[in-house]
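1. Let me see the structure of the following:
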Amino acid sequence: MKITGIILIIVGILMCVFTSVNFTQEKKVIDLGPLQVSKKEPRTIAWPVYAGIGVGLIGVALIASDKSSK
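-> You can find the predicted model right below:
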């Protein structure tokens with residue numbers, strides 16, 4: 001549980017620093033045998049800062065519960 005808690009804390013910090021991820025998705029528009037036309041579309045996945053704080057707090061709770069059970 002300790003390793004999972006540490007990973008969640010790191011992910012929570014990264015979610016607070018980087019509040020979105022941008023990437024490009026390639027989509028086929030026309031597929032007629034050897035003729036293919038595709039289009040690239042920019043995509044963004046965004047999350048609020050409090051989601052990162054929540055993930056970090058869950059990691060802290062996992063570490064705290066692991067220490068109290070020993």
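2. Would you map the helices across the chain?
-> Secondary structure of the chain (DSSP state H): helices at 2-17, 49-68.
3. Kindly calculate the angle that the last one makes with helix 2-17.
-> When axes from the mean of the first three to the mean of the last three Cα atoms, to 10 degrees is applied, the directions of helix 49-68 and helix 2-17 differ by 160 degrees.
4. rewinding a little: between the helices of the chain, which gets nearest to L35?
-> helix 2-17 (42.6 Å; Cβ to Cβ). The C-beta positions use only the backbone N, C-alpha and C, and glycine is treated the same way.
5. Tell me which residues of the closest one come out buried.
-> Residues of helix 2-17 classed as buried: 5, 8-9, 12, 15-16 (neighbour count, 16 or more other Cβ atoms under 10 Å).
6. Also stretch 20-34?
-> Buried, per 16+ other Cβ under 10 Å, within stretch 20-34: nothing.
7. Report the central residue of this protein.
-> Nearest to the mean C-alpha position of the chain, by Cα atoms, centre = their mean, lies M15 at 7.2 Å.
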